[in-house]
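Student: Have a look; sequence and predicted model below, questions after that.
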Amino acid sequence: MSTTLSPMERFCTSPEADAICSPPEAASLAHEAGAPALTVERLSAEANASRAHSGDSYRDPRIKAAFAIAPALGEAFNSSSFREVTIPVALLAGEADTTAPVNTNIHRIAGFMPQATVTMVSGASHYTFMDVCEPAAVERLAPICKDGPGVDRAAIHARTAAQVRDFFVATLPASGS
């Protein structure tokens, strides 16, 4: 068994570790009915199996452009991670994202792809880009449904959808081309 820590594991066990190392939804995964127990041994085995493929290329020639909303796990990447990315890339995140803090996630990832366009949405958090929460769900899904004061999730969704559409219209060939 490998004892070499991945960059993400190093980050998450360091004094610099931030909220990305323990997202709110992770706690509920361990308690879902029918879910296998999350043991250190199981996590270690799965991490090692995944790590064995970490240097593999995942390039898919069908993908001609990419738009990532609230990208996370920035500390898992380094300067060579995106070296071969030649397609247009757009990144968008909320300035108030405390789940995937912007400095260690979107800004770190963008630093490895200087050709990428970056948009920061004022007041938005990590989960603002998920569906608008029904009033009855707000209490039960507090971490996911809670937005900052004055944040209009539906309006942010509309602006984001328009930005995604405009990005792909500008970067992809018209149908039939």
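Tutor: The structure has been received and is ready for your questions. Residues are numbered from 1 along each chain as shown.
Student: From the chain's centroid, how far away is whichever strand or helix holds residue 156?
Tutor: Counting by DSSP states H and E, the secondary-structure element that holds residue 156 is helix 153-171. Centroid displacement of helix 153-171 relative to its chain, using CA atoms, centre = their mean, to the nearest Å, is 17 Å.
Student: go on, stretch 10-23?
Tutor: On the basis of CA atoms, centre = their mean, the separation between the geometric centre of stretch 10-23 and that of its chain is 15 Å.
Student: Show me the shaky parts of this protein.
Tutor: Under the criterion pLDDT under 70, the flagged ranges of the chain are 1-5, 25-44, 176-177.
Student: redo that, cut-off 80
Tutor: Filtered on pLDDT under 80, the chain yields the residue ranges 1-6, 23-51, 53-55, 142-143, 175-177.
Student: show me where it has helices.
Tutor: Chain-ordered helices for the chain, with DSSP state H as the definition, fall at 7-12, 24-29, 40-51, 106-112, 135-138, 142-145, 153-171.
Student: Could I get the buried residue list for the longest one?
Tutor: Meaning helix 153-171. By neighbour count, and taking 16 or more other CB atoms under 10 Å as the criterion, the buried residues in helix 153-171 are 153, 156, 160, 163, 167, 171. Using the backbone N, CA and C atoms, a C-beta is placed for each residue, glycine as well.
Student: which among those residues gets closest to residue 22?
Tutor: Sorting those by distance to residue 22 puts residue 153 at the head of the list, at 24.2 Å, by CB to CB.
Student: what's the distance between that closest one and residue 112?
Tutor: Counting by CB to CB, to the nearest Å, the gap from residue 153 to residue 112 is 30 Å.
Student: swap in residue 58?
Tutor: Look at residue 58 and residue 112: by CB to CB, they are 15 Å apart.
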